[in-house]
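> Quick one, structure for this:
(2 chains)
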Amino acid sequence: MNGLLSLIAEITYRCPLHCVYCSNPLAMSGKDNELSTETWIDVFQQAAALGVLQVDLTGGEPVARVDLVELVSAARESGLYVNLITSGIGLSPEKLEQLAHARLDHVQLSFQDSDAGPADEIAGATVHARKLEIAQEIRRYRMGFTVTMVVHRHNLQRLPQMIAMAEEVGAHKVEIAHAQYYGWAFRNRENLLPTRGQLDSSLELIQEAQARLEGRMRIDYVVPDYYAKFPKACMGGWGRKTMLITPSGEALPCHAAKIIPEMRFENVREQKLEWIWQESDSFRRFRGEAWMPEPCRSCDRRTRDFGGCRCQAFLLTDDSQATDPACSLASAHKDVEEIVQRVNASHSSAWERAQAASATRASWEYRQNPR
Amino acid sequence: MAAARRISFLSARMSRPVETSKPRLAPGCRVSDLPGQSTVLLIPEGALQLNCPGVRIVSACDGERTFREIVQMLQQEYRSADPERIEQETADLLERLHVRRVVDF
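Numbering: from 1, shown residues only, chains lettered A, B, ... in the order given. Got it, this is the predicted structure:
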């Protein structure tokens, strides 16, 4: 049996931002369906007893929950390492002090850009300046501090400024990740996908910055798998390490799994975590290798990438069992190549890049928030 | 995002402790010692398994003891081991942790 090591607790879908690449589902439940404080605390205690080491409190915007401090405190007391993934909006200095007192281990503060204009455009809200203020508050406490930045074709040219900004606000780590094309990002993917030229220069830049900042600020860089030769080991494999709980209590193997129509997921209101993890059909569905079709089944890489991402396979081929089309060996890889070629053909010249840079007011589809 | 493909070009320059370095666990990193479970070093993006000397080394990283003092402490505790090897391996571990921004000095 695989050991459940990390829990992702999406404690609410409510959020003051409307990011065009949000990883939340296209249809979201509102406040009325959210799990109670007691149920979340019970989930954390069950998780710790099962050997889970870490919990990510995320959303939506987790700060939108009025019981956040109580949840952090309970998770920490049950023995978990507690990470808060936040936009910072709604996080007052008083609330932050309470969180520090509850022994919050780590804060991951998201930024959309290094420049306020394009940052607020992506967020669909005026938030960048407030985030900078919150960063100053966070660094007063001795807790882990990571800045996260989602990059895409329209902001990748500001990579040096983004790294400088993360240094300036005192982050210990910056995670720079290309949008992953699920949820709202899938809808906006042709606007988000970088060109190959952009990607190549970003890799050089990251390498230089990593060497320069070694031991001071760690830099993680996540590239879009549409440009990869082999798929990512999504979630470290289905049902191998991680469980995600939605605001209403559904237990999923990943952020996007609910898009797979033939699957039914268990709810923590009805079942114990241990049973869900070990016995439920949903967690066993793509665990291990028995489900794999060719070319995965006989591929040497199957123990490294586990056949890639099931949700991406479904999104691009309508078949959740197919080899991830991001893989160059997949029969549907030509569809990914076609999108990549189209984006490169229309955005690769210097003129087009300049146009793209100035015209972020592309036709974004914004995330719609539940109440 | 957990579903991520990470690219790293970290090298090992400039991250080796010197005699007077005072290593300290970085913010957001702590040793977990829950009853009935093995000791792990919890860090922002995961956990690192440590062997016995590893636990001793990391627990000694309080920002006050010097690298020299930590090595001497270990050399006294593990008398049958080669003292040079202890120094070497302690430096190796601290270097790896420094590169990952788990230990500051």
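> The longest strand along chain A vs chain B: in contact?
The longest strand of chain A (DSSP state E) is strand A:144-151. Yes - Strand A:144-151 comes into contact with chain B (C-beta under 8 Å from any C-beta of the partner chain), by way of A:Gly144, A:Phe145, A:Thr146. For glycine as for every other residue, the C-beta is placed from the backbone atoms N, C-alpha and C.
> Could you pull up the residues touching A:Gln312?
By C-beta atoms under 8 Å, 6 or more residues apart in numbering or on different chains, the contact list for A:Gln312 reads A:Tyr181, A:Tyr182, A:Asp225, A:Pro231, A:Cys234, A:Asp324, A:Pro325, A:Ala326.
> Cross the residues you listed against strands and list the overlap.
Going by DSSP E, the strands hold none of those.
> Pick the one among the residues you listed closest to A:Pro93.
Among the contacts of A:Gln312, A:Tyr182 lies closest to A:Pro93 (C-beta to C-beta), at 34.6 Å.
> how close does that closest one sit to A:Ile8?
14 Å (C-beta to C-beta, to the nearest Å).
> ok, the residue of chain B found nearest chain A - contacts?
Relative to chain A, the nearest point of chain B is B:Gly28 (1.6 Å; C-beta to the nearest C-beta). By C-beta under 8 Å, 6+ apart, the contact list for B:Gly28 reads A:Asp105, A:His106, A:Met143, A:Gly144, A:Phe145, A:Thr146, A:His172, B:Ile43, B:Pro44.
> Kindly export the host helix or strand of A:Val336 (C-alpha atoms) in CSV.
Assigned by DSSP states H and E, A:Val336 belongs to helix A:333-347. Extracted in CSV, the C-alpha atoms of helix A:333-347 (Å, rounded to 0.1, in the frame of the first residue of the first chain):
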residue,chain,number,x,y,z
HIS,A,333,0.5,13.9,-29.1
LYS,A,334,-0.2,15.5,-32.5
ASP,A,335,-3.0,17.5,-31.0
VAL,A,336,-0.6,19.0,-28.4
GLU,A,337,1.9,19.7,-31.2
GLU,A,338,-0.7,21.4,-33.3
ILE,A,339,-1.5,23.9,-30.5
VAL,A,340,2.1,24.5,-29.8
GLN,A,341,2.8,25.1,-33.5
ARG,A,342,-0.2,27.4,-33.9
VAL,A,343,1.0,29.5,-30.9
ASN,A,344,4.6,29.6,-32.2
ALA,A,345,3.5,30.5,-35.7
SER,A,346,1.5,33.5,-34.7
HIS,A,347,3.6,34.8,-31.8
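> re the thing from before, ok, and which of the contacts of A:Gln312 reach chain B?
Near chain B, by the rule C-beta under 8 Å from any C-beta, you find A:Asp225, A:Cys234 out of those.
> Output the contacts of A:Gln312 as CSV; include the columns neighbour count and pLDDT.
What follows is the contacts of A:Gln312, written out as CSV (neighbours: other C-beta atoms under 10 Å in any protein chain shown; pLDDT from 0 to 100):
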residue, neighbour count, pLDDT
A:Tyr181, 24, 92
A:Tyr182, 25, 89
A:Asp225, 25, 91
A:Pro231, 27, 93
A:Cys234, 30, 89
A:Asp324, 28, 95
A:Pro325, 24, 96
A:Ala326, 27, 95
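> Looking at the contacts of A:Gln312, spot the one nearest A:Ile276.
A:Cys234 (19.2 Å).
> Is it correct that the closest one is in contact with A:Gly308?
Yes - A:Cys234 lies in contact with A:Gly308 (C-beta atoms under 8 Å); the separation is 6.2 Å.
> can you list residues touching both of those two?
With C-beta under 8 Å, 6+ apart, A:Cys234 and A:Gly308 have common neighbours A:Asp324.
> Next one: the residue nearest to the residue of chain B closest to chain A when sequence neighbours are not counted, what pLDDT does it get?
Leaving aside its sequence neighbours, B:Gly28 sits nearest to A:Gly144 (C-beta to C-beta, 6 or more residues apart in numbering or on different chains; 1.6 Å). At A:Gly144, the pLDDT value in this model is 97.
> For the chain, which residues score under the pLDDT cut-off?
Going with chain A. Chain A contains residues with pLDDT under 70 at A:1-2, A:349-362.
> nope, chain B
In chain B the weaker segments, taking pLDDT under 70 as the threshold, are B:1-14, B:33, B:35-36.
> 50 - rerun?
Along chain B, segments meeting pLDDT under 50 span B:1-4, B:10-12.
> OK, contacts around residue 34?
No chain was given, so I picked chain A. A:Glu34 neighbours (C-beta under 8 Å, 6+ apart): A:Ile11, A:Thr12, A:Arg65, A:Pro247, A:Ser248.
> meant chain B, my bad for not saying
Here B:Leu34 is in contact with A:Ala48, A:Gly79 (C-beta under 8 Å, 6+ apart).
> mind listing the strands in the chain by residue range?
With no chain named, the answer covers chain A. Counting by DSSP E, the strands of chain A are A:6-10, A:54-58, A:81-86, A:106-111, A:144-151, A:173-178, A:218-222, A:242-245, A:251-252.
> if you could check chain B rather than the one you did, that'd help
B:6-7, B:24-25, B:30-32, B:40-43, B:46-49, B:103-104.
> residue contacts, A:Leu26?
A:Gly183, A:Trp184, A:Arg187.
> Recalculate using a threshold of 7 Å.
By C-beta atoms under 7 Å, 6 or more residues apart in numbering or on different chains, A:Leu26 lies in contact with A:Gly183.
> what's the distance between A:Glu204 and chain B?
10 Å (C-beta to the nearest C-beta, to the nearest Å).
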